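In: Following is a predicted model, sequence given first.
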Amino acid sequence: MEKVKVIDAIMGAGKTTKAFEIIEKADAGEKFIYITPFLAEIERIKTTITSRAFAEPTNRVAGGRKMDSLKRLIENGEDIAATHSLFEMADDELIEMIQTSGYTLILDEVMDVIDKATVSPADMRILLEKKFIAIENNAVKWVAPAAEYEYGRFDDVKLLAQAGNLYYHRNTYLVWAFPPQVFEAFNEVYVLTYLFRAQIQRYYFDLYKIPYEVLSIKDGEIIPHDVRADNRAELRALIDLYEGEHNRHGERSNFSFSKGWMGRRSDDEMQAIQRSIYTYVRRIADAKSGEVLWTTLKDFETDLKGRGYSKGFLPVNMRATNEYAERSVLIYAYSRFMNPIEKSFFQDNGVKVDEELLAVSEMLQWIWRSRIRNAQPIKLYLPAERMRRLLTAWANYEI
């Protein structure tokens, strides 16, 4: 495999258009797997690319499993479009099939490549006591002789450990990592994203020493990475950022609107935040319901929703959808920090993380679901002082 080519460009810069062009211009003998977050994007690929017939895995096969369908399409040498959620289920058989089939991967947006594994502490103690597993440099190794354990309740642990994708973190958590062999199995890999150095997948590439080069797009062409190609000042000028008394919630706290901070708010405090959002929408922005897009963590949606904007809720982690491109009034009531397990996992393995850039990256992805993607102005309410500061730092190329 060559180095992974990371096309790192601001939303709307033409990453997807360039990916389609790469496919259209490729030799007939080249084969592609295009992985995207949403089913709607699969339809776009199938209708936009005219030189090839992209196939989509289906559950209308023997056994009813999309993974079986995906494997059959690879076996037949088809060009394939599938979702992140299916691709994240990759197993050893799929990896071997990709390796022998000569595919190019185009990954639209980064994936969830790290997760907390669902194995109880009690089961971990049993496995260690029975010496079915061993811990080497935080990695879980399956060492049980076949005569002592053939199959049973620990099959999931066995398969993940044998694949080298399981870590015992700080004697507490089992952490699952997407099998890095998947990326190594392709002839070429393209990743389409923005602010890659802040992404969990970048930390994952560094952890597994997967080589990559970061590139940009300018005037429709791939160029060496150039952060100034973002035109951040022009984009910031499209954002009318609210500055006023309704930013008082959580002042002087760097953690205001984080998950932990919000979980500690009293009912009265949450109602005060909700009233500020309502006032911003109805009196300050003077917005109609269909103009509003708002978010917070799902756990607090019920606490903060209100008349005139509740139906405009969009999850904080939403990216790569064009369904809200007419929305002009935005409320982002959240401040993103890394999951402590993820953060300490990477740091313990010598990988430096940047929580500030990750926070602004994910916020920008959310903001760009609105009409700003079409170079139209928006109004934005960011009640978290930290997120206002990070937006300014981003616009000034300070992060």
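Out: Here it is on my side, so go on.

In: For the residue lying closest to G102 once chain neighbours are set aside, give its distance to A82.
Out: Take G102 and drop its neighbours on the chain: the residue closest to it by CB to CB, 6 or more residues apart in numbering is N187, 5.5 Å away. Backbone N, C-alpha and C define where each C-beta goes, glycine included. Using CB to CB, to the nearest Å, we find N187 at a distance of 18 Å from A82.

In: just D303 next, same as before
Out: Per CB to CB, D303 is found 37 Å from A82.

In: the more surrounded of those two?
Out: Taking other CB atoms under 10 Å, D303 and A82 do not tie; A82 has more neighbours (22 against 17).

In: And the pLDDT for the more buried one?
Out: Reported pLDDT at A82 in the predicted model: 91.

In: does it sit in a helix, a strand or a coil?
Out: Under DSSP: H, G, I helix; E, B strand; the rest coil, the three-state class of A82 is strand.

In: Can you tell me, leaving aside adjacent residues, what's nearest to it?
Out: P57 (5.3 Å).

In: Okay, that neighbour and D79: tell me how far apart.
Out: Going from P57 to D79 by CB to CB gives 12 Å.

In: Over to V6?
Out: With CB to CB as the criterion, V6 and D79 are 22 Å apart.

In: which of the two has more neighbours?
Out: Legend: neighbour count by other CB under 10 Å for V6 and D79, higher for V6 (25 against 22).

In: about what we covered before: residues in contact with the residue nearest to G102?
Out: Applying CB atoms under 8 Å, 6 or more residues apart in numbering, we find N187 in contact with 1-2, 102-104.

In: try G312
Out: Taking CB under 8 Å, 6+ apart, we find G312 in contact with 289-290, 292-294, 327.

In: Tell me the secondary structure at the residue nearest to A82.
Out: Judged by three-state DSSP, the three-state class of P57 is coil.

In: so it makes contact with S69?
Out: Yes. Taking CB atoms under 8 Å as the definition, P57 is a contact partner of S69 at 4.0 Å.

In: Please report how far I378 lies from D123.
Out: From I378 to D123 the distance is 49 Å (CB to CB).

In: so what does the helix or strand hosting K158 touch, helix or strand wise?
Out: Secondary structure assigned from DSSP states H and E places K158 in helix 155-162. Using 3 or more CB pairs under 8 Å, 6 or more residues apart in numbering; DSSP states H and E, the elements in contact with helix 155-162 are strand 139-142.

In: Quick check, pLDDT for Y208.
Out: Per-residue confidence at Y208 stands at 87 (pLDDT).

In: What are the phi and psi values at the closest residue to K3 other than its chain neighbours?
Out: In space, K3 comes closest to P211 once its chain neighbours are excluded; the distance is 4.4 Å by CB to CB, 6+ apart. Dihedral angles of P211 (phi, psi; degrees, to the nearest 10) stand at phi -70, psi 140.

In: what about the closest residue to M11 other than its chain neighbours, neighbour count?
Out: Using CB to CB, 6+ apart and skipping residues adjacent in sequence, the residue nearest M11 is W368, 3.9 Å away. W368: 21 surrounding residues under other CB under 10 Å.

In: what does S266 give?
Out: By other CB under 10 Å, neighbour count at S266 equals 8.

In: Starting from D240, give me the distance back to it.
Out: According to CB to CB, S266 and D240 sit 31 Å apart.

In: residue contacts, the residue nearest to D156 when sequence neighbours are not counted?
Out: Using CB to CB, 6+ apart and skipping residues adjacent in sequence, the residue nearest D156 is V119, 7.5 Å away. Listed by CB under 8 Å, 6+ apart, the contact set of V119 reads 156-157, 174.
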